[in-house]
Structure formats: structure tokens, C-alpha cells
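A.B. asks: Just need the structure, nothing else, for what follows:
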Amino acid sequence: MLRLRGKATQLSPAQIQALLFLQYARPGVCTIGGLAKRLSATYATASGVADALENKGLVKRKPLAEDQRIIKLILTSKGIHEVEGLEDVLKDIEVAVESLPQVDQQALLRATQSMVRQLQDAGHVQVYEMCWNCQFFQREAHPNDAQGPHHCAFVDAPLREAYTYLECPDFVSLNS
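C.D. replies: Numbers count the residues shown, from 1 in each chain. The predicted structure is shown next:
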């Protein structure tokens, strides 16, 4: 599906994944390093994907003010528009699952969870988690800051409530 959509949009599957990651990941992890983790690729490969997206006018790079070595990736308005056209890339799968009887949907969910767990344990699948069970997450660290009541110790920055529900490649389980 990614390849077919890629042909229509002139984007590689990795570029599609990168655009979706940049749209839905927390801003603090939208870096070349974060993209490399998300793609399970090397820094050089992620940088190449970012180069291609930048050349297409979909992404711009911006060095982090506190550390010029860290490069943030930001979707341009053209990139945001492109993502809007990509959000339904897996819609056919969603429709197929939704068309199953409820009992089959539940069985599929259990089977998928079991398979992902086994593949994750074997090191073949990386599952990104959200803040609430991360050792870097500090709930209500800034209670008077409506824009960022929580705190991420990994990036040492306030964290908006909405960002706590987004995937994060820097997640480290509380149980680690």
C-alpha cells in the first residue's frame, strides 16, 4: 500500500513513514535521530530521507537552539498538505477489519497482540510507547502551566497533555 501510494505521490515508503512520523510524533523527538529510530535505520539513511523530503519542499531542517548538533525536522505547509493526503493510506485495512464480525475483530486483536509481542521479544519489531509508562515522564511537574503541565526529562522540557498520547522513539519503560 505504501509503494502504491508512493508511486502516486512520488514518495518512497520511507518518505511516507517519515512524513506521518513528523506529523504525529511529539515535537521533541522530530529530529534526524528520532526519525532514524522510527525507521529502524541508520542516522545516514534517515538524513538521506530528510534530504529528499527537504528537496521536495515538504520538510525543513532547523538546528536546536540549545544544541546546534541536533537537527529538528519540521513539516512545511506543503508537507502538512501532503500528510493530509496520506493519512488514509491504510484505510483499506481499517475497512476490512471493521467489516469483520465483532467476535472476529476481537480474535484478530488478540492474535495480532500475541504476534507483535513475540516479534518484539525476538528483536524484530520495535513498539513505540507513549509517555504515561515512560521513566522520563513527570506527571504534573508544571501544574500552573496550562500549555505544558507535564515534563519530559529526556528532552528536559515541559510537555503538553496532547503530546503525552503520541508515540515516542525515546520511550524507556518504567519497568526497564
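A.B. asks: mind listing the helices in the protein by residue range?
C.D. replies: Using DSSP state H, the helices of the chain run over 2-9, 13-24, 32-39, 43-55, 77-86, 91-98, 102-121.
A.B. asks: what comes up buried for the second one?
C.D. replies: For helix 13-24, the buried set under the neighbour-count rule, 16 or more other C-beta atoms under 10 Å, comprises 14-23. (C-beta placed from N, C-alpha, C; glycine too.)
A.B. asks: same deal with the first one?
C.D. replies: For helix 2-9, a neighbour-count test (16+ other C-beta under 10 Å) marks 2, 5-6, 9 as buried.
A.B. asks: Any idea which residue is closest to the centre of this structure?
C.D. replies: Central residue of the chain (C-alpha atoms, centre = their mean): Phe21, 3.6 Å from the mean position.
A.B. asks: Tell me which residues touch Ala52, please.
C.D. replies: Going by C-beta atoms under 8 Å, 6 or more residues apart in numbering, Ala52 touches 12, 15.
A.B. asks: Please apply the same query to Thr31.
C.D. replies: Counting by C-beta under 8 Å, 6+ apart, Thr31 touches 64, 70-73.
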